[in-house]
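Colleague: No letters, just coordinates:
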């Protein structure tokens with residue numbers, strides 16, 4: 001009997017997986033949509049280690065102080081121009097170096113920390129031939145303002161994804177129910193799994209307390225440019241406004257000015273509650289934000305990051321569907337936007353237990 005207990009106990013320990021989760025630090029969306037995955041892995045008994053850099057790393061450290069963190073090589077992408085090619089082309093060599101550096105770092109991390117599985121959110125270098133490697137993206141087709149270049153980029157993008165054992169897509173499988181449009185569909189990839197609306201947010205019926213909630217994120221210096229424009233226009237409004245800068249690295253979190261309350265950042269639970277309590281959301285049209293809005297059923301004004309074609313596509317996509325109002329940053333007019341958004345219906349999707357089933361299969 002003692003021998004049987006020892007054997008059973010060892011067997012249970014054998015299947016306690018150690019998972020390395022590595023979100024890209026490009027805005028906060030990659031980090032926030034990894035939170036439900038982190039939570040589900042922990043709930044199912046896995047040990048989770050998180051690897052990232054910059055604000056994404058800071059955010060996750062605040063959310064999960066009990067976990068172990070590893071700093072990965074930074075991509076340090078900046079968006080100075082409103083032209084994607086002018087933004088990315090000069091930085092392409094830097095991006096490739098970062099991918100190579102993180103790939104080398106990952107091999108050492110796997111050995112030192114005895115990693116069983118890697119889940120990488122858009123970090124192309126975070127894979128290994130020796131352990132199961134999962135890639136998360138909603139961009140199987142990356143939008144490029146040139147048809148020839150778009151086909152070429154899509155081709156190389158899928159070659160890089162094929163280094164991984166499987167691709168997880170935070171969207172619904174049928175394109176007619178899609179939240180990403182053509183971005184997350186029409187791909188030749190065979191090993192792909194759709195996760196539904198992957199979000200850390202939870203819906204519950206909540207009384208409205210705030211007229212407007214502004215949530216900022218994204219690469220610099222465009223995040224700061226938008227912050228300055230919005231603050232200038234918000235001061236002329238009479239509505240109550242909550243303003244979240246998305247700067248997890250700053251101390252001193254709250255500032256109050258008349259009808260305006262400014263936060264540097266909010267935890268996931270705080271943000272969830274504040275969105276539910278707010279009538280209109282003003283934010284970037286990042287995909288993770290779209291998922292949050294869809295699950296919480298909110299009306300929104302979307303302002304794409306200039307030169308980030310994915311966000312521009314999503315802004316136009318939902319504007320044409322009459323779901324979310326969309327306005328370009330260079331034409332920002334809050335008063336006009338607040339009037340126009342009343343004609344847009346918003347969106348409400350239900351999220352089932354797809355993620356729970358996928359993580360169970362993984363473990």
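Modeller: In hand now; what should we look at? Quick caveat: nothing in here was measured; it's all calculated off a predicted structure. Numbers count the residues shown, from 1 in each chain.

Colleague: helix/strand/coil for residue 307?
Modeller: Here residue 307 takes the coil state, with states given by DSSP: H, G, I helix; E, B strand; the rest coil.

Colleague: Any chance of the backbone angles for the closest residue in space to residue 18 that isn't next to it in sequence?
Modeller: Once flanking residues are discounted, residue 18 sits nearest to residue 47: 4.6 Å by C-beta to C-beta, 6 or more residues apart in numbering. Where C-beta positions appear, they are placed from N, C-alpha and C, glycine not excepted. The phi/psi pair for residue 47 (degrees, to the nearest 10) reads phi -100, psi 130.

Colleague: For the stretch 1-150 of the chain, which segments are assigned as strands?
Modeller: Here the stretch 1-150 of the chain has its strands, by DSSP state E, counting those that start in this stretch, at 18-23, 47-52, 68-71, 117-121, 132-136.

Colleague: residues contacting residue 351?
Modeller: 196, 197, 199, 295 (C-beta atoms under 8 Å, 6 or more residues apart in numbering).

Colleague: residue boundaries of the helices in the stretch 251-363 of the chain?
Modeller: 268-276, 287-296, 309-320, 334-340, 354-362 (DSSP state H, counting those that start in this stretch).

Colleague: quick check: mean pLDDT across the longest one?
Modeller: What helix 309-320 shows for mean pLDDT is 94.

Colleague: And the contacts of it?
Modeller: 84, 139, 142-145, 180-181, 183, 284-287, 290, 302-305, 324-326, 344, 347.

Colleague: Going through the residues you listed, which ones are buried?
Modeller: 84, 139, 142-144, 180-181, 183, 284-287, 290, 302-305, 324-326, 344, 347 (16 or more other C-beta atoms under 10 Å).

Colleague: Check whether residue 348 really touches residue 293, as I assumed.
Modeller: No. If you go by C-beta atoms under 8 Å, residue 348 and residue 293 don't touch, sitting 9.4 Å apart.

Colleague: okay, these two: which has more neighbours?
Modeller: For residue 348 versus residue 293, the count of surrounding residues by other C-beta atoms under 10 Å is larger for residue 293: 29 against 12.

Colleague: quick one on the thing from earlier: closest one to residue 274 among the strands of the stretch 1-150 of the chain?
Modeller: strand 18-23 (22.3 Å; C-beta to C-beta).

Colleague: so where is the chain shaky, pLDDT-wise?
Modeller: 1-15, 79-90, 250-252, 352 (pLDDT under 70).

Colleague: ok, and for stretch 234-253, which residues are buried?
Modeller: Buried residues in stretch 234-253 (16+ other C-beta under 10 Å): 234, 240, 241, 242, 243, 244, 245, 246, 247, 248.

Colleague: Secondary structure and distance to residue 217 for these - can I get that in a markdown table?
Modeller: Converted to a markdown table, the buried residues of stretch 234-253 look like this (DSSP: H, G, I helix; E, B strand; the rest coil; distance: C-beta to C-beta, whole Å):
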| residue | secondary structure | distance to residue 217 |
| --- | --- | --- |
| 234 | helix | 17 |
| 240 | coil | 22 |
| 241 | strand | 17 |
| 242 | strand | 15 |
| 243 | strand | 13 |
| 244 | strand | 9 |
| 245 | coil | 9 |
| 246 | coil | 4 |
| 247 | coil | 10 |
| 248 | coil | 10 |
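
Colleague: Let me know the closest of the residues you listed to residue 209.
Modeller: For the buried residues of stretch 234-253, the nearest to residue 209 is residue 240 (8.0 Å; C-beta to C-beta).

Colleague: helix/strand/coil for the residue lying closest to that closest one once chain neighbours are set aside?
Modeller: Once flanking residues are discounted, residue 240 sits nearest to residue 211: 4.8 Å by C-beta to C-beta, 6+ apart. Following three-state DSSP, we place residue 211 in the strand state.

Colleague: Near residue 211, how many other residues are there?
Modeller: For residue 211, the count of nearby residues is 16 (other C-beta under 10 Å).

Colleague: From the chain's centroid, how far away is stretch 119-135?
Modeller: 17 Å (C-alpha atoms, centre = their mean, to the nearest Å).

Colleague: whoops, stretch 268-280 was the one
Modeller: 17 Å.

Colleague: swap in stretch 147-164?
Modeller: That offset, for stretch 147-164, works out to 21 Å (C-alpha atoms, centre = their mean).

Colleague: What lies in contact with that stretch?
Modeller: Under C-beta under 8 Å, 6+ apart, the answer for stretch 147-164 is 85, 120, 124, 127, 133-135, 137, 139-144, 167, 187-189.

Colleague: And the helices in the stretch 51-200 of the chain, which stretches?
Modeller: 54-63, 84-88, 92-113, 147-161.

Colleague: OK, contacts around residue 61?
Modeller: If a contact means C-beta under 8 Å, 6+ apart, then residue 61 has residue 69 as its contacts.
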